[in-house]
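Trainee: predicted model, plus sequence, below.
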Amino acid sequence: MFLSKTSSKQSKLAKSKIKRPSLRLSIAVALATAGLSSVANAGVYQDRFTEMRNEIYNPENGYLSADGGPYHSIETFIIEAPDHGHESTSEAYSYILWLEAVHGKITGDWQPLIDAWEIIETQIIPTSAMQPTAANYASGKATYVPEGPLPSSYPLALDSGAAVGEDPISAGLASTYGTWDVYGMHWLLDMDNTYKYGNLGDGVSTPSYINTFQRGEQESVWETVPHPSWEEFKWGGQYGFLDLFVSEPQAPAAQWRYTNAPDADARVVQVMYWALQWMKDQGVDPEVVAPGLMAKTSKMGDYLRLAMFDKYFKKIGSQDEQGSAGTGYDSAHYLMSWYYSWGGPIDTSQNWGWRIGSSHIHYAYQNPMAAYALSQIPELKPLAPNSVEDWTVGLERSLEFFQWTQSAEGAFSGGATNSWNGTYSTYPIERQDATFYGMVYDENPVYEDPGSGTWFGWQAWGTERVAEYYYITGETRAKAIMDKWIGWILDSTPATGLAVLDFSNNDVKLAAGLEFSGLPEKWDPANPQANTNLHVTVTSQNQDVGVAHSLAKALMYYAAAEEKHQGQVHQGAKDAAQNILDRFWANHRTDKGVSAPESRGDYRDRINDPVYFPAGWSGVNAVGADLNANTTFSSMRPFYNDTDPGYVELQNAISEDRDPTYTYHRYWAQVDVATANALFEDLFPISCDVNCPPTAKDISASTNIDTPASITLEGSDSNGSIVSYSYSQASNGVVSGTGPQVTYTPNTGYVGVDSFTYTVTDDEQLTSDPATVTVTIEDPNSNFPPEACFTATPTSAYVGDPVAFDASCSSDADGDTLSYSWAFGDTNTATGVNASNSYQAVGSYSAMLSVDDGKGGVDTTSKTIIVSEAPVVANCTYTIDNEWGSGFVANITIANNTSSVINSWDVNWSYSDGSTMSNGWNATISGANPYNAVALAWNGQIQPGQSVTFGLQGNKGVANAPAPIPTVTGSVCN
């Protein structure tokens, strides 16, 4: 999750997480080089999209890390929900898909979308190694811990006596997908390892899984304690950082923890819905141009249901800290809550694990687009038990939640909680009737510094999804919600406060801060009541680039929906959207994107805020900062210093008694600029006024042998009418007729595919480019069988690795539509032109394809797939044990951090400074730069969690220089 400019979108996420191997920059380079020129026949708005996408992938601009993932912002000194610009969030990763889905729509090139998914899977979804004891949750559950209001309320004690309900979906997920691993994005990454925590305790890996917010609704970003998601007590205090948050009766165990931001995963589903529709619009098979992506989307949506449940699976509306354990679905609110989280011990011999949902729900996390896709679209329906039913209820519930939180003016306010004060306290008397299916109204769910309901950006993010849903379905309830909200957005003279939009001075200002008063009515789904006592006031304005363009999307989808379903475009909404796009582009284009200066007085006020640590607690973080009662925000972040231009601007502002000003380039905001422009042109195509050539449409037709076919030619003109048609003759038949209606007569006895071209001329005497008419002529009394053909990639695989099968090289002489059946040789089967299979045992398998033309013609072919055990990967490190002027003693350690035994090893290294090795021990060492070391008979086998070390003595290439530390490589080295 992330943020706004003047108010942080802060997360109070329950537990933390760990990390996955980083992806090579080559993927980002591949993305960058895909479509760097303008799109043919694009208008001005799609040209802007291409220009912005090129800016994002220009390495000189610095939007991407060395691993190819998106930074939160180009600039490093930015303090919002992330406390450093070169952190990143699952929000930013979901925006990669927005960018590449729209690119695919415009260009027909879907490879960058495939590559974007690979970035997500390799960088921000924890691997099995990062959740090594996930299966322990099969027999475990979380222990209740209350929430406190302030950082100083923590640590809070575990309460094993408080009831925790049953999780009704995780067992079904494990059964469906064959693993207890969770398939969801962790919310926060340290892209450059600025905090030095790395992953799996190594201190070096990137991007690094970290967490921050943990200590109550009043914990602002200025009071957080960044810490690693993999907690093995290397940094922090005696027990790392665990005892800052939770108090346990005994010493805590080393553990891993991850937290998911459901709005980001839901955005992934939303974007992939559009990608699927755009592929279909292009007439391509999604499983051909983007194989497997819809299944991955469906799977992520399946696990996203973990956010539909109360934090401790207590009954909805329980108001009972000690009791009310839920069974079945009586703990389900079916909404997208603030988080779901999961964790377990690092030590695989310990048998415990936990998962939690969230009791707190914000209106802006709701995504009816995602719920619609997962409940209504066949390619995206999840596979686990009850999943489609859950999302069907979730769609209804999300729209109801927007209705319930809508103020008298039209803005949406806050949300609801099932755990008042974070302790399941009795609801305040004045709120007893301000409830939604038993949950009580909360104008600022989750955090109060600043209030989560006060940021206008939520209005744009949340409502854009409702606008898209209205555009797709025309649903009357969605229209009513949007009608009221649009009225508030476009009201230039509100009764109180500022207007949402100000287009004066040929520029744009929009709402920034909001203030709400009053309460909603009790929700009655059978008879919803208007919230006449719930009111909103706009208290401030700014020029937030990302929010403005998200707002433009909501406006344009509403305007287009009105045209689509009501017969007339909403001109006010369309004009407002266009003004936002045009004026930001004209006034705020920079050399790296689009950005408006923003004043950050909060930096000056809070840069030296104290950070609470309990009395007597002390420690050191991985960057060497002391952590104790004297710690401040800046003292624990020594990387903020005079080498950072943003920090220098702050110091200058303090000395000059002014607020610092910044021009930020946030990744998500730049993607919103790009996609909003492209989608505006898609929804409202630019029409031509003068000298506009007409277009002719490609057509497909079919007929039987010796049978004429009647064909209607199709032409259109944007500013006039078609006056004539002209066609060529076919190679194997005769075309006759005038005007749009022609007859194709095949030559006697001809069977096969024939074609001819045609053009159209308009009333300006302009002629179109040629279009092609393709005619298939069949003999119903004869049939040529198909020819089966496929590729398998790879044909030699490791156990558990996917093998991709592609039968698109199969053919049929008659042009018949083919069906495909696969038998992979291991009892698994599949259908479709593309398939994938993961073999679970070592062996040689015969994968067989059967192709059927539906007319009795069948052909089969097969390939052999060789499956072997995957090599075990270890950490191989070179360390200096001792050194003197001319020589050194070094150790090389091979550490097996996997769950499999290493049965043999050999490693290599070389010196670049002229150093040489003189002797060694505990290994057979050979070679002369590079050197090779092979295990001895007694130390070749390394058990999981164990390591082997051998030593060597060497002579320095340069006397009195530091001893070299080369990289160690080998077949078992990571």
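Mentor: Arrived safely. Numbering: from 1, shown residues only.

Trainee: could you list the low-confidence segments of the stretch 1-150 of the chain?
Mentor: Residue ranges of the stretch 1-150 of the chain with pLDDT under 70: 1-42.

Trainee: can you map out the helices along it?
Mentor: 25-33, 44-57, 90-107, 111-123 (DSSP state H, counting those that start in this stretch).

Trainee: how big is the angle separating the third one from helix 111-123?
Mentor: Okay, so that is helix 90-107. Helix 90-107 and helix 111-123 are oriented at 160 degrees to each other (axes from the mean of the first three to the mean of the last three C-alpha atoms, to 10 degrees).

Trainee: so what does helix 90-107 touch, helix or strand wise?
Mentor: helix 44-57, helix 111-123, helix 262-281, helix 667-683 (3 or more C-beta pairs under 8 Å, 6 or more residues apart in numbering; DSSP states H and E). For every residue, glycine as well, the C-beta is placed using N, CA and C.

Trainee: show me what contacts the nearest residue to residue 422 once chain neighbours are set aside?
Mentor: Among residues not flanking residue 422 along the chain, residue 147 sits closest, at 2.6 Å (C-beta to C-beta, 6 or more residues apart in numbering). By C-beta atoms under 8 Å, 6 or more residues apart in numbering, residue 147 lies in contact with 156, 216-217, 419, 421-423.

Trainee: before we move on, what about residue 469?
Mentor: 368-369, 372, 399, 475, 478.

Trainee: just to revisit the earlier point, for residue 853, find the nearest of the helices and strands packed on helix 90-107.
Mentor: helix 262-281 (23.9 Å; C-beta to C-beta).

Trainee: ok, residue 646 to residue 920 distance?
Mentor: 49 Å (C-beta to C-beta, to the nearest Å).

Trainee: any weak-confidence spans in the stretch 451-600 of the chain?
Mentor: Ranges of the stretch 451-600 of the chain meeting pLDDT under 70: none found.

Trainee: which residues of it fall in strands?
Mentor: Counting by DSSP state E, counting those that start in this stretch, the stretch 451-600 of the chain has strands at residues 501-502, 509-517, 535-542, 598-599.

Trainee: buried deepest among these, which one?
Mentor: When those are scored by mean count of other C-beta atoms under 10 Å, the highest mean neighbour count falls to strand 509-517 (a mean of 21).

Trainee: send the alpha carbons of it over as PDB?
Mentor: Extracted in PDB, the C-alpha atoms of strand 509-517 (Å, rounded to 0.1, in the frame of the first residue of the first chain):
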ATOM      1  CA  LYS A 509      -6.500  21.800  -8.400                       C
ATOM      2  CA  LEU A 510      -8.400  19.000  -6.700                       C
ATOM      3  CA  ALA A 511      -9.500  18.100  -3.200                       C
ATOM      4  CA  ALA A 512      -6.800  16.900  -0.900                       C
ATOM      5  CA  GLY A 513      -8.200  16.800   2.700                       C
ATOM      6  CA  LEU A 514     -11.700  15.900   3.700                       C
ATOM      7  CA  GLU A 515     -13.600  16.200   6.900                       C
ATOM      8  CA  PHE A 516     -16.700  14.100   7.800                       C
ATOM      9  CA  SER A 517     -19.400  14.600  10.400                       C
END
